[in-house]
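Engineer: Structure, please.
(chains A and B)
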Amino acid sequence: MRTPCKEQTNVFNIQKYSVHDGPGIRTIVFLQGCPLRCPWCANPEGQPFTSVLSHNQNLCRRCGRCVAACPKQAICLEEDGIRVDRSACDLCGACVTACRMDCYKVFGEKKSVEEVLKDVAKDENFYFRSGGGLTVSGGEPLAHPQYLLQLLRGAKEELGISTAIETTCCAGEETLRAVADYVDHFLCDIKLVDSGRSREVLGVPSEQILKNIRILADEYPQKSLLLRLPVIPGYNDDPENIAAIAAFIRSLRREIPLELLAYHEFGKAKYTNLDMTYEPEIRRVAAPAEERMAELEKQFETLGVKVVHT
Amino acid sequence: MSERVTYLRLKAAAATSYVCGERGRIVTDSYRSTEGEAPVIRRAIALRDILNQMSIVIDENELIVGNHATRENAAPLFPEFSIDFLVNELDEFEKRPYDRFYVTDETKTLIREIAPYWRGRTHEDRVVRTTERMFPEEILKGWDANAFRLNDVLYDGVRKSAGDGHIVPDYFKMMAGGIPGVLREAEEARAGLNLREDPHAFEKKLFLDAVTISYSAVEQWFLRFAEKAEEMVFTAKKENQATLKRAADACRHLAGSAPSNFFEALQLTYFLHLLIHIESNGHSISLGRIDQYLYPFYERDVRCGAITPETALEMIDCFYIKVSRFNKVRPWPETRLKSGAPMFMTITLGGMDRQGKECSNKLTELFLDVLKETRLPQPTPILRVNQDTPEALIVHAVEALVKHGGGLPAFFSDEAIIAALVKTGVPVEDAREYAIGGCSEAVVPGKSFSFTGGDCYFNFLKILEIMLHEGVNPRTGMKLFETKKLEEYHSIEDVMAEFHRQLALYMSYIVELTAITSATDAALNPTPYTSGLLDYRIEMGCDMSMGGGKNAPYSHTILQGHGTGDTCNALYALQKLVFDEKELTLREFTKILDDNWGGERGEEVQTLARRLAKYGNDVDEVDAYAVRLGNLFAEEAQQYTPWRGGVFGTSLQGLTANVPEGETVGATPDGRCAHEALSDNISPHAGTDTHGPTATLKSVSKVDHTRFIDGNIVNLRFHPSALTDAYGRFDHLRGTRFADMIKSYLVDLKGNQVQFNILSAEEMRLAQQQPEAYRDLVVKVAGYSAYFNSLDKGLQDQIIERTEHSL
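Structural biologist: Next up is the predicted model:
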């Protein structure tokens, strides 16, 4: 019997009927907070380790109710719309309640492991029928070692369902080893191999990331491992990086499949709502065409890497 | 797709709707000549006269022949059912905003000429007058005779002017014996009659004579098609000569024998189906388990090399296109409840056999494959799903669904439906043979008819609205029944108890309403031809409209409950805002609703109401109200026996009534604005199911579906990207997950049925802007699909608003 879990952490989304982050029909639990700062991140609300307020200007009809409701006077109505002074905001949620148009939303809510498991359990029929289960994503799930461990253990031991984590692998290796027993499927990003480039673009060096992937590949041969490369034109699709990724994968002790994910800009609107800058827009990054993706796939295959589509 | 199929399909999609006068003229002459005869004989003679005199129309490109009216897509007249609307709306048909019909001057003249004969003699006249005679004075004041509606809560207009439906013939019997088989059956039954000992023998003889008259006429009619096709061979294009010859041979053969090969079996199926639509004007005439009764022919022909799966597919394509050509002109108020000109013709595929063994076959797949090519709104194929249904078959159906795009096929649960039928007294072997009779009604082919009989609609949300107004219908100011004073409700349980009492009161009138339409049918519109397609009627010697006898355990009279999702949300909102959190009193709340969320606190309270948890998100506390609502409805309905015997077949489906019915209901506590559309069928209110499709299905599955033999329809909309890869091609892996979701809902959670639109909101908005470019865009509406362009704008909007699940 495990001790009842009172551990809480910030969860910013629980998404049901997810069908491409691990096998079968899955529920993805998104934990808030990430050590990386990928400029193309599709879930920027998941980057900070604390809750974050989002304001959708498009829905706003400038009634000023939120301005009046804010106890910190952090909101003002300007000519071009609502402006939130984020340094003054303490995320009390008064604006969320006051707004009639549902413009405001606080991302990230403290949730206990128990609470999350209860929600995940609701779809158990669908998991059993399809071989699916729980996928923990983020943010970076490994950034919440205790919580993650209890969540995964609960899913395995109490619900008896399959588990997966979707991770950047940016974590200490003992953290990884601690949870590995409770994970069936690892979905690991591989973005940039060169550590200098990695630090420059993602904000973290690549050594530990690559080391962790190697640990999973070499020391946990029974675990399913899928590497995923988000193809972001101009950031990481240069021949050097492609070659380096291929060389790295080939150097692993078993054949690890690679999935290529084409860049998309679905996350763009979120940046505006969070008052963040969306760098790919400034750099005019366009989604790669089908031909380009096919070409990259071919390149990898020529370099001896098995490319898969899930 | 062959050139032939392409041509026929385009011709079908482009055809304009006309009203065809021919049947009306012939039936009027016929009735004039049979005054004084027994009704069942008059009906048989009328059918004979129609079949002898109607125009025979064949397009030389067709493989399967047969016509309903003088031109493609025309609706024949049934003046014996209703004449007033035809005359009153005569100049309006072509001005309708949708479901428009053109009427030639000649037809207009004809309608005006025959009208005086029919006035006072029609089904409608009898139904209207009997209803006024049956209802007590105090009820009549809440009775809208024109709309056939009681206080906006109960509606029974459908059977006022239409014939009966929800019938699936015994096609197995017909494939074995053909037309001569029925004639023999009638002959033998007649020989067994003892006029001196059986006091009902003379009525039986009249019925059996009527069967003989009808089926003899059918034989002659087949020959007329044979002759016409033979005649055309000489003038036809060279490439059509062989197929015309084949059609002629088949018609000639079927006039005297049972079908001998796949093509003849398919032609006979079409003819039999068509004839039901010529004899009477019901809807929901369905084709049953076509992959089962045609399979022996298919298998034999493939084995001997007479056909290949490809040539069979072309025949089936042509068959679908023919079936899609039925049309029906309905009065405008009824049209609004079922916009898009549906006939509700369902084809049941797959499922288990009498022993409980999964019995899908190669034909199951072919009948699904047709969808990918033809993309027609009807007929409606559905796939029966049970524990043993191969996953590959469900994925095959999902692929057809994606390529069809317009919601076909739908998926039904063997688990829930067989259990439901058994609960009503149907032996389990027969229950396993079920087919869908219309939108979602489970019928044992050849045995039951889930009579359109009453087809009463029940608006749950209106009951609650009237309760909030202390018995007064705010739309009309009418007070029909006493209800509690608002101050007398001290908890949500008090509200539930009063709701139950009101529901029971209205329910008691359904028995009378349905008895009136059923009894009128028996008196005026026996259908000896259709009766001959059923199992027992000849043996019993009485027309199916009489009900009773061996059919009784199989019969259900449909009763639909509307607005389930909204009523559930409204009850939950009252619980939270009035009783738990005491934000405001019931009286204050009602005042805000009367102001349609205006006034000082209106907007605030609406925001609070909108933000409450909603049905469709797997929240037990809310969903509990839907469960209770379903149980109340089913329990109350089960207390009564309909006129024809059997049970009231409860169903939480709603056609397109959610739009016009929503118009009669003011703002409601769930946050809904006045006159907004109701939630459709048993689906969540459009746009409020925000936790993904599995959560929606979980919510819906909490209702006990085994209490609803006539089906609970849930609509889900997916963006096409949920099932295709980044470049728009069907994604097999996603299709498999989707299939798992369907199977989990139907088998593990025992939901009744589920259906989908795989369409993006953008595409539908584009279709609204450029209707010409989207002429063949099909969408799933309720238990049926329709061309998007043919729908009411309000309904189009409502379908666009339905939550779009994506990934």
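Engineer: Residue 56: what's its closest spatial neighbour, skipping adjacent residues?
Structural biologist: As the question left the chain open, I've gone with chain A. Spatial nearest neighbour of A:N56, chain neighbours left out: A:C103 (4.8 Å); criterion: Cβ to Cβ, 6 or more residues apart in numbering or on different chains. Where C-beta positions appear, they are placed from N, C-alpha and C, glycine not excepted.
Engineer: meant chain B actually
Structural biologist: B:K228 (4.5 Å).
Engineer: ok, back up a step: how near is the residue nearest to A:N56 to chain B?
Structural biologist: Distance of A:C103 to chain B, computed by Cβ to the nearest Cβ, to the nearest Å: 12 Å.
Engineer: now the strands for the stretch 201-310 of chain A?
Structural biologist: With DSSP state E, counting those that start in this stretch as the criterion, the stretch 201-310 of chain A has strands at A:224-231, A:258-262, A:307-308.
Engineer: Check the stretch 51-200 of chain A too.
Structural biologist: Counting by DSSP E, counting those that start in this stretch, the strands of the stretch 51-200 of chain A are A:52-55, A:75-78, A:81-84, A:104-107, A:109-112, A:133-138, A:162-167, A:185-189.
Engineer: same thing with the stretch 701-807 of chain B?
Structural biologist: According to DSSP E, counting those that start in this stretch, the strands that the stretch 701-807 of chain B contains are B:715-718, B:753-758, B:778-780, B:785-787, B:804-805.
Engineer: Pick the most deeply packed of these.
Structural biologist: Comparing the strands of the stretch 701-807 of chain B by mean neighbour count (mean count of other Cβ atoms under 10 Å in any protein chain shown), strand B:778-780 ranks first with a mean of 27.
Engineer: Relative to that strand, what are the paired strands and their orientations?
Structural biologist: Its sheet considered, strand B:778-780 pairs with strand B:785-787 (antiparallel) by DSSP bridges.
Engineer: What count of nearby residues applies to B:D144?
Structural biologist: 15 (other Cβ atoms under 10 Å in any protein chain shown).
Engineer: How about B:D91?
Structural biologist: 10.
Engineer: Kindly confirm my reading that it is in a helix.
Structural biologist: No. Applying DSSP: H, G, I helix; E, B strand; the rest coil, one finds B:D91 to be coil, outside a helix.
Engineer: on that earlier part again, mind putting the strands of the stretch 51-200 of chain A into JSON lines with mean neighbour count and mean pLDDT?
Structural biologist: Formatted as JSON lines, those follow (neighbours: other Cβ atoms under 10 Å in any protein chain shown; pLDDT from 0 to 100):
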{"stretch": "strand A:52-55", "mean neighbour count": "22", "mean pLDDT": "96"}
{"stretch": "strand A:75-78", "mean neighbour count": "15", "mean pLDDT": "94"}
{"stretch": "strand A:81-84", "mean neighbour count": "17", "mean pLDDT": "92"}
{"stretch": "strand A:104-107", "mean neighbour count": "20", "mean pLDDT": "96"}
{"stretch": "strand A:109-112", "mean neighbour count": "16", "mean pLDDT": "96"}
{"stretch": "strand A:133-138", "mean neighbour count": "27", "mean pLDDT": "97"}
{"stretch": "strand A:162-167", "mean neighbour count": "25", "mean pLDDT": "98"}
{"stretch": "strand A:185-189", "mean neighbour count": "21", "mean pLDDT": "98"}
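Engineer: Export the ones you listed to CSV and append columns for distance to B:L275.
Structural biologist: Below are the strands of the stretch 51-200 of chain A laid out as CSV (distance: least, Cβ to Cβ, whole Å):
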stretch, distance to B:L275
strand A:52-55, 63
strand A:75-78, 71
strand A:81-84, 67
strand A:104-107, 60
strand A:109-112, 63
strand A:133-138, 54
strand A:162-167, 55
strand A:185-189, 58
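Engineer: mind checking which of those strands is nearest B:D580?
Structural biologist: Of all the strands of the stretch 51-200 of chain A, strand A:109-112 sits nearest to B:D580, with 21.7 Å by Cβ to Cβ.
Engineer: helices or strands up against the closest one?
Structural biologist: strand A:8-18 (3 or more Cβ pairs under 8 Å, 6 or more residues apart in numbering or on different chains; DSSP states H and E).
Engineer: picking that back up, from the strands of the stretch 201-310 of chain A, which stretch is densest packed?
Structural biologist: Using mean count of other Cβ under 10 Å, strand A:224-231 ranks as the most buried of the strands of the stretch 201-310 of chain A, with a mean of 20.
Engineer: Paired strands for that strand, with orientation please.
Structural biologist: Applying DSSP bridges, one finds strand A:224-231 paired with strand A:185-189 (parallel), strand A:258-262 (parallel).
Engineer: what's the pLDDT at residue 56?
Structural biologist: You didn't say which chain, so I picked chain A. We have a pLDDT of 91 for A:N56.
Engineer: wrong one, I was asking about chain B
Structural biologist: 98.
Engineer: so which strand or helix has it?
Structural biologist: Under DSSP states H and E, no helix or strand contains B:I56.
Engineer: tell me which parts of the stretch 201-310 of chain A are close to chain B?
Structural biologist: A:262, A:290, A:309-310 (Cβ under 8 Å from any Cβ of the partner chain).
Engineer: still on that earlier bit, correct me, but the residue nearest to B:I56 touches B:I58?
Structural biologist: Yes. Between B:K228 and B:I58 there is a contact at 5.6 Å, judged by Cβ atoms under 8 Å.
Engineer: Give the residues shared as contacts by the two.
Structural biologist: Shared contacts of B:K228 and B:I58, defined by Cβ atoms under 8 Å, 6 or more residues apart in numbering or on different chains, are absent.
Engineer: Straight-line length of stretch A:124-138, end to end?
Structural biologist: With Cα to Cα, to the nearest Å as the measure, the first residue of stretch A:124-138 is 22 Å from its last.
Engineer: for that stretch, the distance to its chain's centre please.
Structural biologist: 17 Å (Cα atoms, centre = their mean, to the nearest Å).
Engineer: State the mean pLDDT of stretch B:737-749.
Structural biologist: 97.
Engineer: Endpoints of that stretch, how far apart?
Structural biologist: Stretch B:737-749: ends 16 Å apart by Cα to Cα.
Engineer: tell me how far it is from the chain's mean position?
Structural biologist: Distance of stretch B:737-749 from its chain centroid, counting by Cα atoms, centre = their mean, is 24 Å.
Engineer: for stretch B:129-149, same thing?
Structural biologist: Per Cα atoms, centre = their mean, the centroid offset for stretch B:129-149 relative to its chain is 26 Å.
Engineer: repeat for stretch B:144-160
Structural biologist: 18 Å.
Engineer: could I have it exported to CSV, CA atoms only?
Structural biologist: Extracted as CSV, the C-alpha positions of stretch B:144-160 are listed here (Å, rounded to 0.1, in the frame of the first residue of the first chain):
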residue,chain,number,x,y,z
ASP,B,144,-53.6,24.1,-31.4
ALA,B,145,-55.6,22.1,-34.0
ASN,B,146,-53.6,23.6,-36.9
ALA,B,147,-50.2,22.7,-35.6
PHE,B,148,-51.6,19.6,-33.7
ARG,B,149,-49.9,20.7,-30.6
LEU,B,150,-50.9,20.7,-26.9
ASN,B,151,-49.6,23.7,-25.1
ASP,B,152,-46.3,23.6,-27.0
VAL,B,153,-45.4,20.5,-25.0
LEU,B,154,-46.9,17.7,-27.0
TYR,B,155,-46.9,17.5,-30.8
ASP,B,156,-48.6,15.0,-33.0
GLY,B,157,-48.8,16.6,-36.4
VAL,B,158,-46.8,14.0,-38.3
ARG,B,159,-49.5,11.4,-38.4
LYS,B,160,-52.2,13.9,-39.1
